[in-house]
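**Q** Need coordinates for the following:
(3 chains)
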Amino acid sequence: MLRYLLNRLLWIPVVLILLSLVTFVISRLVPGDPVKLAAGPQARPEQIEKMIEEFGLDRPLPEQYLRYMGGLLQGDWGYSIGNRRAVLPDLLTYFAATLELTVVATVFGLLVGIPLAVVAARWRDRWPDHLSRFVSIGAVSVPVFWIAIVLQLVFGQLLQWLPVSGRFDPRQSYPQSITGILLLDTLLAGNLSGFWTASRYLLLPALCQSLLVIALITRQLRGDLLDMLRKDFVMVARANGIQERILWSRYLMKNAMIATVSMLGFLIGFALGGSVLIEFVFDWPGIGQYATKAALLLDFQVIMGSTLFIGVVVVVVNLFTDLAYRLVDPRIRFS
Amino acid sequence: MASSVSNPSSRLARWREDHASQLSDLRRGLFRFARNRLSLLGLWIVVAMLAVAVTGSTWVPFPGDTLGDVHMDNRLQPPNATHWFGTDDAGRDVFTRVIVATRTSFQVGLIILGVAISIGVTLGAVAGYVGGTPNQIIMRLTDVMLTFPGIFLPMALAAALGRGMVPAMLALSVTWWPGYCRLVEAQMLKVREEDFVAGARAIGASRWRVIFRHILPNTLTAIVVKASMDFGFAVLALASLGFIGIGIQPPEPDWGSMIALGRRFMPGAWWISTFPGLFMFVMVLGFNLLGDGLRDLLDPNATVK
Amino acid sequence: MKRRLQNPTQALVADFQSGRISRRQFLQTLAMLSGGVALAACAPAAPAAPPAASSAGGITPQVMIYGGSQDIASIDPSDRTDYSINAVMRQMYDRLFRFEGGWPQPIEPGLAQDWSASEDAREWTFQITDQAKFHDGTPLTAEDVAYSYQRTLRAQKQRASLLMGYLDPENVVATDNTTVKMTLKTPYGNFDRLLAFLEQPIVSKKVAMDNDQGGDEGAAYLIDHEAGSGPFAQGNWQIGQVYELEAVPDYWQGWPGAGRLAKVVWRKTEDVATRKTGLLSGDFDMADTISVNDIEEINGTGSHTAEVNFGLLAGYLKMNTQEGPTADPNFRKFLAHSFNRQAFSDSQMGYVKLMTGPLPEGVPGYDPNLEPQYPYDPELAKAFLDQSAYKEGGIDIDFVYVSGLDFEEAAGLILLDELKKYNITLNLVPKNWPDIVGACSAPATGPHIGFIFDQFPPLADTWLVEKYWSGSWDRPTGGSFQACSFYRNADVDLLLDELRVTTDAARAAELVATLQAAIAGEAPDVPIYVSPNVVGYNKRVKGYNYFGDISVDFWRLWMEG
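**A** Prediction:
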């Protein structure tokens, strides 16, 4: 166990360095001129030269890379060439919005996915199974940016039930940031109407985001449950005349839930990356939007910063998932 | 002369005898598949979509509308008898463009998966069979690729390679292989220890022979199942690129960029976005239902009741 | 030597007489100016009687929600000049001049109550009001004005670009508490106008110095915090989420309208359809950059208005005059006459102002009687094609435009449709904007045709120099996208050199006319249209007048309850 953990921990910096290298190379391959763009349309040659020097773009590429990484080791995440904002504080701000969306979407997904999986496994090959199958496959087949637009059209514009963009009602005073997660901030401030408003703004994006979670949870959990049903202990229990209800609630669900929890980390990591398009459609000021805009504007220090930031999150989440999985399932040895 | 070739029917019979258990598995699987209406539905959707993709450009009402014709005097028409899905902001027939885009999606899906599977399977086989340092290197590289958030990497890559279908496909292929690599590696690790491989090695089969003759065929099932599901996802990914403005070069139609365009005309001209999205949904659903059915069919565990 | 008019009222009269502004605008502005000029005439010690004490007149100040299409990433007064940033900077800071009184923009006093130039147009002196106070309560002095310009000139960021040609930091000095003197490196008769359009925000020197980190003159602090004296102060401000402006009720210049706003909330909403639905559903009271496709719907509601105006945002098809088939002037003229302007206008629901020459209306020197330069004319086009080397067609040309902009794509499709007739393939190449900016650096990478928008202050020399002077692209750091035609004509270069330094208005007008004709004869670009500026608002919002900017001047607005 300890050896496995050490091995994994040792690999983390290697993975991150590789990630930074790949990102660096790609961001420099993209055609375009970030300096001219940032210097502005009427920039004079001396302004452009000054900017090139300021960002060290006149140096050889390996040196540029090493300088950036050196800064990173000292906690300097650089700043945007476009608007000169420091990268790290902005990353944290935008990350809070994405985290809020992801966590709520995951909770949604569990609330829908777990019951779907249980009925599917309980009545295998009967209509609940087919229904669950259709829902989960449908959820994963729908183009998420399209369903987002359709939901905006229906709930925002035709029915006018829900807001379709942003995080908060501009007519109410915006909650002061404590954690950056509005649901928490409003609760901490005892602002229930603010909490309600923030929830309404969160509903549609979270719904779209949760589709993937529903699909993954349902299929995975159904499979786990069916696997378990084939196990000896189920045979024995049934042979001993245990009630189906008790078998399910005491044994099967308990085991299945452990497996599900260990999957959560993976799901959250997955959803973090998958939120880009949803953030775009709902104008959700999250890290996906932040990173994508930087990529489109060739804002290289922001590109590096946000990729590495998300990379760290995903790597750490994966590590915990792996550990949890191995703890739960003793069949997988720590090799 | 005829005698030098053994009787075909007897050969078939012998083959049947040799493979009796597999055949009965297959028959049982097919039965399950046929009994499952959802899988059948998926099959039919895929067949229909394939037919549309192959023949579509020959029977669409306004083929010129995918080649650069514009009719500015006829823009933003709602669905009617001539234009079933209405017209877009350049007066082009949305139905025609949706249908022709089906072909593009199929081509792209096939190429992306073809490239990704070739890379992924090769690397996965090497990693899984050889183990040790090569395994570590390949699998860490895979980790890195999987660490990239969402469509971020294909987006950046496609931007780097320039606009158009080929760069978009390349970008997606290059980012799609890690899944296959992991899959094959895991299967290899499992299969490597099984008796028949040990047996093959014991009788002196070469390493590559073992990989290709004994191990890979056993992982094929998993690859086929994954590929059939991935096809739909590849179509979605391409459309996502089109949606954020990287993808196919106009005037060539593509579902993602049509949806993005239509968004600017929402909710008035709802038809521009709605129909391409619906088509894409149906197509991806078809592949996923089929893939799910195939998994039941081919997954040996699933056939054991 | 002729002198620029020094008094704003005289300038206004001249503008009116020359037909640059309408009678209505003239009267409105005159009414406003009389307040300002009267103040300037008063003894400096006289307390400011805010001319618009009327604003208290019974209308309760309201909160206005504004749907803007861009984020406000930095409010450093020396850095970026995006429209969204300028829109809020104008409210939080004061400037030497105002120009938001109407269209074309009349120059009106801001902090500068009076100004004058030496005979050679090199020494400029500005009298600064002593009434202005920063939001922290400290009085604004000439030293703050001089410092703000020096800071921008030292930082050499976006806002400095056009200024740097005329000034170095040491050329700006405060000679006493209310006087600022600028000594130009080269004479420039329109310098007051240039200063007005560059709208340098005047920042508190003390705040900038107090927040200095490692010699950044407060840049790290001022990127998120204002230190100005304008009619609005910074409210709740959280990057990417919320930007609020709170009115300063006793603002030193008063409030021009019958009422005023209490607060403005800038709600960044990038999607054009969402801005419109937000407006109509009541989420926003006002929104900019509305799509031309939504104008009818908005006006049809009865409760809302979509106002269309045409300013200085002009779209051109810039053709590479150095490389490829477009290096041939006959081929360029063929392309110019092949572009179906009417079809393009149709694609924009008719909400375009087609251009007749290289300058848009509103730039001095614009000739309203100029024959349309490149009318759509297939026969004429064919004649030019026959004179070129591409008579038989069979070539491919790239049409580069900004990915995702439907109107630019529409223009490309229209041209593609037309060129098919001549066996010429037009490749539509959507690119990211940074990619276009990079490609426009040099002729070798420049597109054959690029659909590019230009916008400059309404000064003819700026327009012509940035686009057609060979020095704007043929230089070590490469060209700007505005010079993406890579145009080189020795005669034009000489005329432009003269235009930049002449202080003789008559000679300048003559030069502008000659230049327009000379440039048009070689078709380095196809001037297409002035882009419509569409602002939508709830009819409760009062006081909107267009002044050439995408956004609005919140200072002049009020809302009925």
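**Q** Look up how far residue C:178 lies from the closest residue to residue B:284 other than its chain neighbours.
**A** Once flanking residues are discounted, residue B:284 sits nearest to residue B:232: 3.6 Å by Cβ to Cβ, 6 or more residues apart in numbering or on different chains. Glycine gets a C-beta too; all of them are placed from N, C-alpha and C. Here the criterion is Cβ to Cβ, to the nearest Å. By it, residue B:232 lies 72 Å from residue C:178.
**Q** which one of the two has more residues nearby?
**A** More crowded of residue B:232 and residue C:178, by other Cβ atoms under 10 Å in any protein chain shown: residue B:232, with 27 against 17.
**Q** CA-only coordinates of stretch A:11-30 in CSV, if you can.
**A** Extracted in CSV, the C-alpha atoms of stretch A:11-30 (Å, rounded to 0.1, in the frame of the first residue of the first chain):
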residue,chain,number,x,y,z
TRP,A,11,4.5,10.1,-10.8
ILE,A,12,2.4,13.2,-10.2
PRO,A,13,5.1,15.8,-10.8
VAL,A,14,6.2,13.8,-13.9
VAL,A,15,2.6,13.9,-15.3
LEU,A,16,2.3,17.6,-14.6
ILE,A,17,5.6,18.4,-16.2
LEU,A,18,4.6,16.4,-19.3
LEU,A,19,1.3,18.2,-19.3
SER,A,20,3.0,21.6,-19.1
LEU,A,21,5.3,20.7,-21.9
VAL,A,22,2.5,19.5,-24.2
THR,A,23,0.5,22.7,-23.4
PHE,A,24,3.5,24.9,-23.9
VAL,A,25,4.4,23.4,-27.3
ILE,A,26,0.8,23.5,-28.5
SER,A,27,0.2,27.1,-27.3
ARG,A,28,3.3,28.2,-29.3
LEU,A,29,2.3,26.3,-32.4
VAL,A,30,-1.0,28.1,-32.7
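**Q** Quick check: buried residues in it?
**A** A:11-12, A:15-16, A:18-20, A:22-24, A:26-27, A:30 (16 or more other Cβ atoms under 10 Å in any protein chain shown).
**Q** Also near chain C: which of these, exactly?
**A** Restricting those to those touching chain C (Cβ under 8 Å from any Cβ of the partner chain) yields residue A:30.
**Q** The buried residues of stretch A:11-30: which two are farthest apart?
**A** Using Cβ to Cβ, the buried residues of stretch A:11-30 span at most 28.6 Å, a distance reached by A:11 and A:30.
**Q** show me where pLDDT drops low in the stretch 1-150 of chain C?
**A** Scanning the stretch 1-150 of chain C with the threshold set as pLDDT under 70 gives C:1-57.
**Q** And the strands in it, which stretches?
**A** C:62-68, C:97-98, C:108-109, C:112-117, C:123-128 (DSSP state E, counting those that start in this stretch).
**Q** Give me the residue at the spatial middle of the chain.
**A** Went with chain A since none was named. The C-alpha lying nearest the average C-alpha coordinate of chain A belongs to residue A:272 (Cα atoms, centre = their mean; 1.1 Å).
**Q** wrong one, I was asking about chain B
**A** residue B:231 (1.9 Å).
**Q** Quick one: residues contacting that one.
**A** Going by Cβ atoms under 8 Å, 6 or more residues apart in numbering or on different chains, residue B:231 touches B:109, B:110, B:113, B:287, B:291.
**Q** now residue B:183
**A** Contacts of residue B:183 (Cβ under 8 Å, 6+ apart): B:120, B:124, B:219, B:222, B:223, B:226.
**Q** Enumerate every residue touching the second one.
**A** For residue B:124, the contacting residues are B:138, B:180, B:181, B:182, B:183, B:184, B:185, B:187, B:188, by Cβ under 8 Å, 6+ apart.
**Q** pull the longest helix from chain B.
**A** helix B:94-130 (DSSP state H).
**Q** Chain A too?
**A** When chain A is parsed with DSSP H, its longest helix is helix A:192-229.
**Q** which SS class is residue C:306?
**A** Using DSSP: H, G, I helix; E, B strand; the rest coil, the structure places residue C:306 in strand.
**Q** the bottom helix or strand of the chain by mean pLDDT?
**A** Going with chain A. When the helices and strands of chain A are scored by mean pLDDT, DSSP states H and E, helix A:253-274 comes last with a mean of 72.
**Q** should've been chain C
**A** helix C:23-41 (a mean of 44).
**Q** Tell me, how many residues neighbour residue B:190?
**A** 13.
**Q** what's the answer for residue C:437, then?
**A** As a measure of burial, residue C:437 has 26 neighbours, counting by other Cβ under 10 Å.
**Q** pretty sure it belongs to a helix, no?
**A** Yes - judged by three-state DSSP, residue C:437 forms part of a helix.
**Q** what residues are up against it?
**A** Neighbours of residue C:437 in contact, by Cβ under 8 Å, 6+ apart: A:32, A:33, A:36, A:37, C:481.
**Q** shouldn't the second one be in contact with residue C:432?
**A** No - between residue A:33 and residue C:432 no contact is recorded; they are 11.0 Å apart, counting by Cβ atoms under 8 Å.
**Q** overlap in contacts of the two?
**A** Common neighbours of residue A:33 and residue C:432 (Cβ under 8 Å, 6+ apart) are residue A:298.
**Q** thinking again about what came up before, so how do I select the buried members of the contacts of residue B:231 in ChimeraX?
**A** The following ChimeraX line selects those of the contacts of residue B:231 that are buried, judged by 16+ other Cβ under 10 Å:
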select /B:109,113,287,291
